[in-house]
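> quick one, fold the following:
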Amino acid sequence: STNSSRFPPRSISTNSTTMSAYNFFPYADEEERAAFGNDPVRRHIFDNLLRYIKNNNPLETELDTVSDPYAIAFAQLEWSTAAWKRIGAFIGKNDHFKKVVLETCSLTPEKLESLFDGLGENLSLEELCFGDHEEIGAVDIIPLLTPYLQRNTNLVDLRLCNVGFSAQHLQDLASAMNGTQITKLDLSKNDMGAVDQTWNLIPIAVHSSQPGLKWLKLSECRLGRRGCTSVAQVLQEKDCKLELLYLDGNEIDDECCSILTSSLQRNEVLETLNLEDNDQITVAGYKHFLNLFADKSSIQSTYNSNHTLGSLGEEGFFNQAMIGDDKVETLLRRVQEINYECNYEGRNEIEMILQAVTRDHEADTLVQHIRGKIYEFNRHNAGRDKIELIHFDGQFDMMNIVDLDAKLMPRLLAWIGDDSQRLHCMYRIVRNWGVSTFLGSPSADSHEVLETRAKRRRQS
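Got it, this is the predicted structure:
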């Protein structure tokens, strides 16, 4: 059982005006005593958590059963339907409340409905999460969520983890989210891998909310190839605004990587695609991403590669044991660094300045405009860096620039980078000047080599 001595009483302002606004007795009436129980632990939780919610304390803005010690203790206990109804009423009348995270609580369909009787009146919540409940599922949650999401225009973050969602519930959820302000959605640990399920993520990921989803988490959903195909369709949509997409732990293999990279050829929005804990991906799968980041078929193709996707996982994601190819690993690390710099170089600093000097209603449009200009400039630099990395390093192939007019060579070398890079590239060009059509004729050394080889062939 939870020991109330582990949690020191919360301190609140001693200002006389503030003091008079709060009731410092554990229960206001016998009905409250009956709802929450009279044992010391329950009274302690009420006195140090629920009472502050009830009395609209501006310092108590969340009920989080994952991170707050009092809320964790609350989640470990069984509460009556009457108690959940009271808690919902407390939250519903609290205009300071921002966050409700209810995971591993003893919620039943009846208790959930009682909670929403009051919670549904709250219009200040910005984050709502239900997760890891054995007795409630999507069929219980969606009918209660639908009217609430339509009323609360402040809610931007919705998490429904391990609550029995399947691909068949996506359309219902999209309808519930239609016209809302939600930009973050977490459906992790819902098994969506059944072979008889029809996948369609487009309504929920592209058209469900007015600003558009920017953050979608589908971790451990058993997506497989069917799910990845649906995700790829979303990423190809011109209205897709996803910046972060979590597909970790989803039975993704090399073919899935091919499907995903094909959909990202023209996507200039997605910045993070988390692929951790997909052990079926081999070096062949990662090569698909390397080609996405830096297509080496031509200099123009390299320049036009994806310069937006800057991460395939958390820091330290790549290691030799996972990829099995040092060269691929090194190149993947470097091109991801280039993309990351393309996304964030100078952007955050300028956005902070603009937000500080611009009124709210003007800031968003101006920030988006400046952000686009910064990205355009950074994109040019990213393309240049990748061309230097892929085409002017190691075994340089002269065929890459064989059709270049000789008069453009100084501009090419000046465009590539700093003095050390230009000298390196000049060395590679002179050293490999063995293509007869390049600049009219091969170098003197190459000509001598070619003559020697031709003489040996004639003698043999």
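> what's around residue 184, how many residues?
Residue 184: 18 surrounding residues under other CB atoms under 10 Å. For the C-beta atoms, the positions are set from N, CA and C on the backbone; glycine is no exception.
> what residues are bridge-paired with it?
When assigned by DSSP bridges, residue 184 has beta-bridge partners residue 157, residue 215.
> surely it and residue 156 touch.
Yes. Here residue 184 reaches residue 156: they are 6.3 Å apart, a contact under CB atoms under 8 Å.
> any idea which helix or strand comes after the helix or strand bottoming out on mean pLDDT in the chain?
Lowest by mean pLDDT, DSSP states H and E among the helices and strands of the chain is helix 16-20, with a mean of 35. Following helix 16-20 in sequence order, the next helix or strand is helix 30-36 (DSSP states H and E).
> what average pLDDT does that following helix get?
Throughout helix 30-36, pLDDT has a mean value of 82.
> in terms of secondary structure, what does it contact?
Helix 30-36 sits against helix 81-92, with contacts defined as 3 or more CB pairs under 8 Å, 6 or more residues apart in numbering; DSSP states H and E.
> buried ones in stretch 36-46?
For stretch 36-46, burial by neighbour count (16 or more other CB atoms under 10 Å) applies to 36, 37, 41, 42, 43, 44, 45, 46.
> so how far is it off the chain centroid?
40 Å (CA atoms, centre = their mean, to the nearest Å).
> likewise stretch 132-139?
Taking mean C-alpha positions (CA atoms, centre = their mean), stretch 132-139 and its chain are 25 Å apart.
> ok, residue 132 touching residue 162?
Yes. Residue 132 is within contact range of residue 162, at 4.9 Å (criterion: CB under 8 Å).
> those two - which one has more neighbours?
Per other CB under 10 Å, whichever of residue 132 and residue 162 has more neighbours is residue 162, with 19 against 15.
> these two touch, right, residue 78 and residue 106?
Yes. If you go by CB under 8 Å, residue 78 and residue 106 touch, sitting 4.9 Å apart.
> any regions of the stretch 51-200 of the chain where pLDDT drops low?
194-198 (pLDDT under 70).
> all helices of it, in order?
Counting by DSSP state H, counting those that start in this stretch, the stretch 51-200 of the chain has helices at residues 51-54, 69-75, 81-92, 109-119, 138-151, 170-177.
> now these in CSV, with mean neighbour count and distance to residue 307?
Formatted as CSV, the helices of the stretch 51-200 of the chain follow (neighbours: other CB atoms under 10 Å; distance: least, CB to CB, whole Å):
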stretch, mean neighbour count, distance to residue 307
helix 51-54, 22, 47
helix 69-75, 20, 43
helix 81-92, 21, 45
helix 109-119, 20, 44
helix 138-151, 17, 36
helix 170-177, 20, 31
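> grab the nearest non-local neighbour of residue 45.
Using CB to CB, 6 or more residues apart in numbering and skipping residues adjacent in sequence, the residue nearest residue 45 is residue 74, 5.3 Å away.
> relative to residue 187, how far out is that neighbour?
As for residue 74, its distance to residue 187 is 25 Å (criterion: CB to CB, to the nearest Å).
> near the nearest residue to residue 277 once chain neighbours are set aside, how many other residues are there?
Excluding its sequence neighbours, the residue lying closest to residue 277 (CB to CB, 6+ apart) is residue 249, at 4.1 Å. Neighbour count for residue 249, taken as other CB under 10 Å: 20.
> same thing with the one 10 residues further on?
Burial of residue 259 is recorded as 19 neighbouring residues (other CB under 10 Å).
> circling back: and residue 78 and residue 106? Which one has more around it.
residue 106 (14 against 8).
> quick check: neighbours shared by residue 132 and residue 162?
Residues touching both residue 132 and residue 162 by CB atoms under 8 Å, 6 or more residues apart in numbering: residue 189.
> so the residue nearest to residue 277: helix, strand or coil?
coil (DSSP: H, G, I helix; E, B strand; the rest coil).
> from memory it sits against residue 219, does it?
Yes. Contact criterion CB under 8 Å: residue 249 and residue 219 qualify, at 5.6 Å.
> ok, residue 282 touching residue 256?
No. Proximity of residue 282 to residue 256 does not meet the contact threshold set by CB under 8 Å, at 11.7 Å.
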